[in-house]
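need a structure here:
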Amino acid sequence: MGASNTVFESVYTTTAPLTYSRQLSRRDDWLRELGELLDFPTISAMPSHRRDIEAAADWLKNHLAMLGLHHVQVLPGVNGGHPSVYADWLLAPGQPTLLLYGHYDVQPVDPLKDWRTPPFQATRIGQNLFARGASDDKGQLFIHLKAVESYLATVGSLPINVKIWLEGEEEINSPNLPAFLDSEATRLEADAVLVSDTEMLGPGRPTIIYGLRGSLAFELEVGGPRHDLHAGRYGGAVHNPVQALCEIIAGLHDRRGRVAIPEFYARVREVAATERQELRCGSPDDEQIMADLDIPTGWGEEGYSLFERMTIRPALIVNGIGNQDRYSEARIGKAEHAACPRPGTSRNRQAFTTTYRCYKAANSLYEIEDHGWFFSSRDSSPPSYDVSRQACDLPGLGCTASFHTQRRHYPSGCISQKEVRCAGHPAWFWVAR
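Residues are numbered from 1 along each chain as shown. Just a heads-up that it's a prediction; the model follows:
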């Protein structure tokens with residue numbers, strides 16, 4: 001385990017790696033290499049793509065070895081899961097160890113007809129590169145690999161010890177993560193973790209994420225008669241479960257955009273005025289966000305900017321509705337509570353269930369399936385944060401890092417408190433891109 005008071009000190013001031021990375025010929029080579037990685041249809045949710053995932057893992061293993069990293073290997077998946085790729089460079093005695101995390105699996109691409117470019121053929125349009133995984137997460141992890149290459153190709157060494165772990169199951173909620181960490185805790189031991197799967201505020205604006213909105217997910221099914229009824233004959237006499245479900249959904253928020261479930265906000269931590277001011281200074285305003293999303297107006301809790309609603313405030317989101325053309329049942333695909341600091345998750349789970357219980361009289365059946373929850377929040381005081389900010393102020397970079405909480409939430413099981421401990425850092429987990 002790394003000590004919680006480890007200080008990351010800058011031991012290299014050379015600009016050679018930066019110069020190397022900005023050569024035009026290098027840019028072309030790196031785009032070609034990234035294109036090769038993007039060509040692999042690494043859809044972890046589909047067993048038919050198992051061989052594609054294994055092929056991508058082999059490609060990454062060979063690429064890491066080509067960069068000059070050590071102990072490069074494909075780690076077999078636990079419980080028959082998808083493999084991970086590992087490599088390290090541990091020749092900086094006395095310096096801390098940083099674990100770089102990324103994932104190379106991607107989401108499914110259906111419906112294909114909605115794609116304007118081939119999902120697994122990197123296509124450059126202007127300054128943008130389009131392909132599934134280009135921004136989640138193959139592009140981000142590739143940036144870190146190229147940073148390592150830039151040092152090793154010019155200086156011949158790294159300023160700190162580095163371990164690299166590339167996962168193949170993140171997009172399916174990392175079902176084997178706890179077991180994997182149990183078996184690989186020693187290998188992944190580090191003083192801090194850098195996750196290349198978050199976001200930045202804009203080009204030239206590096207962002208360090210110090211908190212995540214959590215996820216408390218439910219699936220609700222509302223039923224009515226014991227068997228299907230003809231809508232034309234019995235409509236108006238029997239309460240339709242679809243209508244009942246819509247009434248439930250309509251009651252989740254009040255007219256001011258606040259969640260109407262009792263006690264929902266009881267344990268939500270109020271963010272200090274100084275932190276809100278820092279967010280305002282470093283984040284896009286409402287007009288920018290609406291322009292980026294191409295929407296005429298925002299929505300949500302009064303008294304907070306759109307950016308604050310996406311980062312420091314909780315939200316309740318319905319992700320899907322279906323009834324399969326049946327009069328006897330209807331379901332919410334998933335309702336997710338994006339939790340904020342000290343969300344009182346067990347209390348909110350109970351309130352969520354109690355709120356739906358009042359509809360039982362009108363419908364003979366309802367069922368709530370709990371999909372679990374995750375929440376993580378840290379302040380921005382650890383030494384590793386300070387060094388990250390200082391690194392962005394080095395000559396030649398010309399930018400300053402911004403700190404904020406993550407605007408999206410991770411699915412349950414993706415990143416856990418257990419992972420933080422097993423990764424080697426007992427107190428602080430930091431995220432950046």
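
let me see the backbone angles for Ser196.
Per-residue torsions, Ser196: phi -100, psi 40 (degrees, to the nearest 10).

for it, which residues are in contact?
100-102, 137, 140-141, 143-144, 432-433 (C-beta atoms under 8 Å, 6 or more residues apart in numbering). (Glycine included, C-beta is placed from N, CA and C.)

give me the lowest-pLDDT entry from those residues.
In this model, the minimum pLDDT among those belongs to Arg433 (25).

mind listing the helices for the stretch 151-300 of the chain?
Assigned by DSSP state H, counting those that start in this stretch, the stretch 151-300 of the chain shows helices spanning 177-184, 231-234, 241-250, 273-282, 286-293.

which among these is found nearest to Phe218?
Comparing those against Phe218 with C-beta to C-beta, the closest turns out to be helix 241-250 (11.6 Å).

for the closest one, buried residues please.
241-242, 244-245, 248 (16 or more other C-beta atoms under 10 Å).

go on, stretch 221-241?
Quick answer for stretch 221-241 (16+ other C-beta under 10 Å): 221-225, 229, 238-241.

need those residues in a markdown table (columns: distance to Gly322 and pLDDT).
Below are the buried residues of stretch 221-241 laid out as a markdown table (distance: C-beta to C-beta, whole Å; pLDDT from 0 to 100):
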| residue | distance to Gly322 | pLDDT |
| --- | --- | --- |
| Glu221 | 10 | 76 |
| Val222 | 12 | 76 |
| Gly223 | 13 | 75 |
| Gly224 | 15 | 74 |
| Pro225 | 18 | 76 |
| Leu229 | 18 | 77 |
| Val238 | 20 | 80 |
| His239 | 18 | 80 |
| Asn240 | 14 | 79 |
| Pro241 | 11 | 78 |
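
any low-confidence regions in the chain?
1-14, 214, 323-386, 388-433 (pLDDT under 70).

the domain parsing of it - what is it?
Structural domains annotated on the chain: 16-197, 212-373, as defined by automatic domain parsing.

just those: most buried one?
For the domains of the chain, average neighbour numbers computed from mean count of other C-beta atoms under 10 Å are highest in domain 16-197, which has a mean of 18.

ok, now which ones touch Ile289?
298, 306-307.

rerun that using 6 Å as the cut-off
Ile289 is in contact with Leu306, counting by C-beta atoms under 6 Å, 6 or more residues apart in numbering.

which residues does Asn79 contact?
Counting by C-beta under 6 Å, 6+ apart, Asn79 makes contact with Asn176.

distance to Trp165 added to the helices of the stretch 151-300 of the chain, as TSV?
Converted to TSV, those look like this (distance: least, C-beta to C-beta, whole Å):
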stretch	distance to Trp165
helix 177-184	8
helix 231-234	54
helix 241-250	40
helix 273-282	29
helix 286-293	32
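
quick one: closest of the ones you listed to Asp114.
Smallest distance to Asp114 across these (C-beta to C-beta): 17.6 Å, for helix 286-293.

output the closest one as PDB, nothing but the C-alphas.
What follows is helix 286-293, C-alpha atoms only, in PDB (Å, rounded to 0.1, in the frame of the first residue of the first chain):
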ATOM      1  CA  ASP A 286     -26.400  27.700 -19.300                       C
ATOM      2  CA  GLU A 287     -26.300  29.200 -22.700                       C
ATOM      3  CA  GLN A 288     -23.200  27.300 -23.700                       C
ATOM      4  CA  ILE A 289     -24.700  24.000 -22.500                       C
ATOM      5  CA  MET A 290     -28.000  24.600 -24.300                       C
ATOM      6  CA  ALA A 291     -26.100  25.400 -27.500                       C
ATOM      7  CA  ASP A 292     -23.900  22.300 -27.200                       C
ATOM      8  CA  LEU A 293     -27.000  20.200 -26.700                       C
END
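
ok so, going back, can you put the domains of the chain in TSV and add distance to Pro206?
Shown next, in TSV, are the domains of the chain (distance: least, C-beta to C-beta, whole Å):
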stretch	distance to Pro206
domain 16-197	11
domain 212-373	11
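
nearest to Pro203, out of those?
Judged by C-beta to C-beta, the one of the domains of the chain that comes nearest to Pro203 is domain 16-197, at 8.6 Å.
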